[in-house]
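**Student:** fold the following and give me the result.
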Amino acid sequence: MAPWRIASLKPLAHMRLCVTFNDGTSGELRMKSFLEGPEVTGTVFEPLRDPAYFRSARIELGAVAWPNGADLAPDAMYDAIRDRGHWDVAE
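**Tutor:** Reported below is the predicted structural model:
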């Protein structure tokens, strides 16, 4: 299995997730700045602005996903978390 596939996730306050990958690498996904940006309006990510909906994140095929089809690239997330311990999606 690819090391960058998500093995577990836990929603945190302030639009963050704690994620652990198949190889044990773990860190924080930070989405608050991204979700507050105007470029999210009208996209599949807009519902994630609602904290309750954000917490509905789950693992689908090794990636972080939400019920509406929004998902994130686990390989990019893995690289950032391995290098810095977190991934700020707005960067």
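**Student:** only C-alpha atoms from now on, for both contacts and neighbour counts.
**Tutor:** Fine.
**Student:** show me where pLDDT drops low in this structure?
**Tutor:** The chain contains no residues with pLDDT under 70.
**Student:** relative to Glu60, how far out is the residue lying closest to Glu36 once chain neighbours are set aside?
**Tutor:** Computed as CA to CA, 6 or more residues apart in numbering, the closest residue to Glu36 that is not its neighbour in sequence is Arg49, at 7.4 Å. According to CA to CA, to the nearest Å, Arg49 stands 20 Å off from Glu60.
**Student:** burial measure for the residue nearest to Glu36, as a count.
**Tutor:** Close neighbours of Arg49, defined as other CA atoms under 10 Å, add up to 17.
**Student:** could you check how far it is from Pro38?
**Tutor:** Arg49 is 12 Å from Pro38, by CA to CA.
**Student:** and for Ala7?
**Tutor:** Counting by CA to CA, the gap from Ala7 to Pro38 is 31 Å.
**Student:** cool, Asp88 as well?
**Tutor:** Applying CA to CA, one obtains 16 Å for the distance of Asp88 from Pro38.
**Student:** who has more neighbours, these two?
**Tutor:** Neighbour comparison, Asp88 and Pro38: the larger count goes to Asp88, with 16 against 9 (by other CA under 10 Å).
**Student:** got phi/psi on the more buried one?
**Tutor:** phi -90, psi 110 (degrees, to the nearest 10).
**Student:** contact partners for it?
**Tutor:** 29-31, 33 (CA atoms under 8 Å, 6 or more residues apart in numbering).
**Student:** what's across from Arg30 in the sheet?
**Tutor:** Per DSSP bridges, the residues bridged to Arg30 are Arg16, Asp88.
**Student:** I figured it hits Met15, correct?
**Tutor:** Yes - contact criterion CA atoms under 8 Å: Arg30 and Met15 qualify, at 6.4 Å.
**Student:** so how far is Asp83 from Arg55?
**Tutor:** 25 Å.
**Student:** what about those two, which has more around it?
**Tutor:** Arg55 (17 against 10).
**Student:** spatially nearest residue to that one (excluding sequence neighbours)?
**Tutor:** Pro11 (5.5 Å).
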